[in-house]
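Peer 1: give me a 3D structure for the following:
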Amino acid sequence: SAEASPSVVFENVERCSPDCLQMLLENISGLTVDADFTVELIPEINVAVATFIKSIDTKEFVEKCSQHKRIREFKMTARLLESTQTIKAENLPDSISTDYLTVYFESTRNGGGPVSDVQLLPGENSAIITFCDHKGNT
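Peer 2: Below is the predicted model:
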């Protein structure tokens, strides 16, 4: 689809504290964290994901970030989060069922959409959820 992702991935974030990153993104976007966008840190892979609640041109935002002096000083990169039809849910309780996960991830309140498959991985307390299309993957 031609619609840009509302999420932007920042790589190489280890040199920038979470508070610093949030302020930096506020400065670049002119928006407010929590009200207009959220930031999720994924330290295991040295990444942060900013998801915009307020509608903005994320392609333009990524371009601004790539030219921004501080982003370059921190040696971070920014790119649009690619769409996917499959996600992995982790840290699930032992008693979780595929039916519960299907209903949960199909809930529009949870940002979901139609689910085509749920694979439980009981040894890992996780599951692989496959959506019918890439819209239900937030």
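Peer 1: what residue lies at the spatial centre of this structure?
Peer 2: Val49 (4.9 Å; C-alpha atoms, centre = their mean).
Peer 1: measure the closest residue to that one other than its chain neighbours to Pro122 for me?
Peer 2: Distances taken as C-beta to C-beta, 6 or more residues apart in numbering put Glu40 closest to Val49, at 4.9 Å, once the chain neighbours are dropped. Placement of C-beta: from N, CA and C, glycine included. Distance from Glu40 to Pro122, counting by C-beta to C-beta, to the nearest Å: 26 Å.
Peer 1: now do the strands in this protein.
Peer 2: For the chain, the strands defined by DSSP state E cover 7-11, 37-42, 47-52, 77-80, 86-89, 115-121, 126-131.
Peer 1: please name whichever of those strands is nearest to Ser95.
Peer 2: strand 115-121 (11.1 Å; C-beta to C-beta).
Peer 1: neighbouring strands for the closest one, and are they parallel or not?
Peer 2: Within its sheet, strand 115-121 is paired with strand 126-131 (antiparallel), according to DSSP bridges.
Peer 1: how about the partner strand: buried residues?
Peer 2: Within strand 126-131, the residues that count as buried by 16 or more other C-beta atoms under 10 Å are 126-127, 129, 131.
Peer 1: with pLDDT as extra columns, can I get those in a markdown table?
Peer 2: What follows is the buried residues of strand 126-131, written out as a markdown table (pLDDT from 0 to 100):
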| residue | pLDDT |
| --- | --- |
| Ser126 | 94 |
| Ala127 | 94 |
| Ile129 | 94 |
| Phe131 | 91 |
